[in-house]
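Colleague: coords below, sequence missing:
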């Protein structure tokens, strides 16, 4: 079976068991502050598991794009060095939300693996939770008895809490799990050592392929467990490992999931997979990482220096440096792999095909930027090694090496490689100390202590904020949160008019009773209100009220992003797609795909068209529960990287039709006007517009009007201001030219005066300058002296002050330079006398300072160096 056939067989099997087959959610998570990426198949279902979302389908199955690089599931440094760890991977999974439990979950898994995929049951092992006396949990005998229907007793193994008790986090749903392991060794190897002795022992050929989690508990903040109201089955089967097993390979990279890509890498880099271990590792790293990078960009996450963007940039740079170090790739090459990736995965994930024009230039631009960083880092490292050689040292400071990595992005392993090649080492203890200091600062900055939820009433939050800005409500539950030395409360309400931050729109603020709501966030799809204190009486009805003026400003800016999006597509072309946005009360930011700078003329056209639509006062047409297919048929634009349900909200202002859950004005006229502030590039093929609307646009207009009024006053209220300014500029240019001519004549006279004042100083004609003198005159005259004395030993030594600031200067004719004197070196040393610094060329140098009292000492030192 091919990998495509295996993926489809799983989905078909689960569909036959009554599961709703759903598409993969985005790999990049945008509206969950607890996660940056989907790192497990269950992430898209957290809201249901936590009881925040209603259950639409009690049985669900999919193939989910996942990424594990940071936090608890940190596999990044393993990738490439072994044959089964990946950053981006596919997780085949099936879920039951309050429907079936252990018996069906285990039976389904057995039927699919043995009856459909024909894996030999003699090579299968199942683990069950052995229990935890300190938790008061006994062995999972129920799961063991179900496995006993399928496996002999010596193939049912006990697993410890680390391997066989799954937890979502420090708190939340959790429960025992059963892992299915397959022994892919040869018959001879299995005869020597039974597979049961190698399960969970990191043997590369005895691996876990499926984990079946029985969520039946909730972990509280104090560590205690309580039963879940509705039990959940959560299973995850690593697709790449499964394909390896079915195709009879000993490495994930030997399957048809990776082989075409490895061959493409070999063709580009001029190498062959399987010939050299270091080359193979590099090729595996690249084959893995290109998948992660491309899918992340497809889901709307561009490489950057912050949060999720930093993770993607780190992965891309890891791929580049493996190519740089081990495959001798000195120019960008990753972007050339995108067509092969689409050939491999485009059918299963059509979003890759649609976003190819976006993916390729972003990767190429990032590669080229990092290659420049590598060149800069090598230069800095060369400087460190030169300094060490001069000091007869063979060890480079660990702090310096850490600075190279932390400040300049120069990778540690490449630093160590270059140092070894040049006979140097680094102080690992210093490096690790600096690294740990940075990590501890990061941990402290992000440390958040969450209390348990105090439940006052059961229920789900009803959002009424599209229609009302104030309503009567009650607190369902609350908890205390401590972060960065501050305490605040998270509160969940039965009914709320507060919009929780999502889709680029900031959350509402306002009041709950007599207490301020300082923000509203969305956590696991649950609107959470942030308060600095709790209301005095918790169990009674309260009035929740949104700050109306602030909400109106946000709505104006959000609706304006839709209008601008439409205008951009009309002016620039239909290739324009939204790539991100930020909507605040003060301004809007809109990121979009476009492969060149938007010209001022095009920007003006966009702004004019947007304001025409605003002045038409087009009324909002809102459809809150539209089937996704119907919405797309209406022309609504869905954004890549966003997760949409079967029913969506459509926002329509005349020709502008978009899927959106944000807050909007009732008609475009309420926006007033929109003014574009700037247009910039934020990544290859991605532009950014920043704009203001309504009152902020008025402020911009008034500011411009005030500036214009002030300018007119400066020009005596000339009727034609532009002509008056042009005349002034022309007159100024003429006067400037006259001044330059006058100064040139003055400097020539000054030169002749200096030559006349020259005195004998040994065999040198010397001019000494002391007292009050303009340093500009001294600097200006030196080039004129150079052409005058090409074969005479002539020097000028100045130690002067101007407006109580000291200056020293030296001029040396060519014969003196040829004799070994260096004005730059002389000035650098003498500048210490005036507490200053400077330099220049061998024939001319100057320096300024802070201490005029040191001028005499500086003059004496300069003359002494001249005499020597």
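Modeller: Yep, that arrived. None of the values given here were measured: they were computed from a predicted structure.
Colleague: make it CA atoms for all contacts and neighbour counts henceforth
Modeller: OK.
Colleague: contacting residues for the spatially most central residue of the chain?
Modeller: In the chain, the residue lying closest to the centroid (Cα atoms, centre = their mean) is residue 309, at 1.4 Å. Taking Cα atoms under 8 Å, 6 or more residues apart in numbering, we find residue 309 in contact with 301, 302, 303.
Colleague: near the last one, how many other residues are there?
Modeller: I take that to be residue 303. For residue 303, the count of nearby residues is 24 (other Cα atoms under 10 Å).
Colleague: these two touch, right, it and residue 317?
Modeller: No - the pair residue 303 / residue 317 is not scored as a contact, 10.1 Å apart, by Cα atoms under 8 Å.
Colleague: how about whichever helix or strand residue 707 is part of: buried residues?
Modeller: Following DSSP states H and E, one finds residue 707 within helix 694-714. Neighbour-count burial for helix 694-714, counted by 16 or more other Cα atoms under 10 Å, picks out 694, 695, 696, 697, 698, 712.
Colleague: in CSV: those residues, plus pLDDT and distance to residue 203.
Modeller: Converted to CSV, the buried residues of helix 694-714 look like this (pLDDT from 0 to 100; distance: Cα to Cα, whole Å):
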residue, pLDDT, distance to residue 203
694, 96, 64
695, 95, 65
696, 95, 63
697, 95, 64
698, 95, 68
712, 92, 81
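Colleague: quick check, nearest of those residues to residue 497?
Modeller: Within the buried residues of helix 694-714, proximity to residue 497 (Cα to Cα) peaks at residue 694, which comes in at 22.8 Å.
Colleague: state the helix or strand in which residue 556 lies.
Modeller: Counting by DSSP H and E, the element that carries residue 556 is helix 548-572.
Colleague: counting contacts, what elements does that helix pack onto?
Modeller: strand 578-583, strand 588-593, helix 600-615, strand 656-659, strand 686-693 (3 or more Cα pairs under 8 Å, 6 or more residues apart in numbering; DSSP states H and E).
Colleague: can you list the strands that the helix or strand of the chain with the lowest mean pLDDT pairs with?
Modeller: Each helix and strand of the chain was given a mean pLDDT (mean pLDDT, DSSP states H and E); the minimum falls on strand 448-450 at a mean of 76. Looking at strand 448-450 with DSSP bridges, its partner strands are strand 475-483 (antiparallel).
Colleague: show me the beta-bridge partners of the residue of the chain positioned farthest from its centre.
Modeller: Farthest-out residue of the chain from its mean C-alpha position, per Cα atoms, centre = their mean: residue 760, at 67.9 Å. When bridges are called by DSSP bridges, residue 760 pairs up with residue 765.
Colleague: residue boundaries of the helices in the stretch 401-550 of the chain?
Modeller: Per DSSP state H, counting those that start in this stretch, the stretch 401-550 of the chain carries helices over the ranges 412-421, 428-446, 548-572.
Colleague: identify each buried residue in the first one, please.
Modeller: Along helix 412-421, these residues count as buried under the neighbour rule (16+ other Cα under 10 Å): 414, 415, 418, 419.
Colleague: who are the packing partners of it?
Modeller: In terms of contacts (3+ Cα pairs under 8 Å, 6+ apart), helix 412-421 is packed against helix 398-408, strand 425-426.
Colleague: how about residues contacting stretch 423-438?
Modeller: Against stretch 423-438 from outside (Cα under 8 Å, 6+ apart): 385, 394, 395, 396, 397, 398, 399, 401, 402, 416, 419.
Colleague: ok, stretch 476-495 next?
Modeller: Applying Cα under 8 Å, 6+ apart, the set of residues contacting stretch 476-495 from outside is 444-464, 471-475, 526-534.
Colleague: please repeat the previous calculation with a cut-off of 7 Å.
Modeller: Applying Cα atoms under 7 Å, 6 or more residues apart in numbering, the contact partners of stretch 476-495 are 445, 447-463, 473-475, 527-533.
Colleague: looking at the helices and strands packed on helix 412-421, which one has the lowest mean pLDDT?
Modeller: Among the helices and strands packed on helix 412-421, helix 398-408 has the lowest mean pLDDT, at a mean of 84.
Colleague: so that helix versus helix 412-421, what angle?
Modeller: Counting by axes from the mean of the first three to the mean of the last three Cα atoms, to 10 degrees, helix 398-408 lies at 130 degrees to helix 412-421.
Colleague: helices or strands up against helix 398-408?
Modeller: Here helix 398-408 touches helix 356-390, helix 428-446, going by 3 or more Cα pairs under 7 Å, 6 or more residues apart in numbering; DSSP states H and E.
Colleague: and the last one, which residues are buried?
Modeller: Of the residues in helix 428-446, those buried by neighbour count under the rule 16+ other Cα under 10 Å are 430, 431, 434, 435.
Colleague: please apply the same query to the longest one.
Modeller: By neighbour count on 16+ other Cα under 10 Å, the buried set for helix 356-390 is 356, 358-364, 366-368, 370-371, 374, 376-378, 380-381, 385, 388.
Colleague: and the helix or strand following that helix, which strands flank it?
Modeller: As assigned by DSSP H and E, the chain's next helix or strand after helix 356-390 is strand 395-396. Using DSSP bridges, the strands paired with strand 395-396 are strand 425-426 (parallel).
Colleague: how far off centre is the partner strand?
Modeller: 31 Å (Cα atoms, centre = their mean, to the nearest Å).
Colleague: I figured residue 617 was touching residue 668, is that so?
Modeller: Yes - with contact defined as Cα atoms under 7 Å, residue 617 reaches residue 668; the gap is 4.7 Å.
Colleague: pick out whichever of those two has more residues nearby.
Modeller: Taking neighbours as other Cα under 10 Å, residue 617 and residue 668 compare with residue 668 leading, 26 against 17.
Colleague: I'd like the distance between that one and residue 317.
Modeller: Shown here: residue 668 relative to residue 317, a distance of 45 Å by Cα to Cα, to the nearest Å.
Colleague: residue 425 too?
Modeller: 24 Å.
Colleague: how near is the residue nearest to residue 305 when sequence neighbours are not counted to residue 235?
Modeller: Using Cα to Cα, 6 or more residues apart in numbering and skipping the chain neighbours, the partner closest in space to residue 305 is residue 313 (7.5 Å). Note on residue 313: its distance to residue 235, by Cα to Cα, is 31 Å.
Colleague: ok, the two, which is more surrounded?
Modeller: Remark: of residue 313 and residue 235, residue 235 carries more neighbours, 26 against 21, as counted by other Cα under 10 Å.
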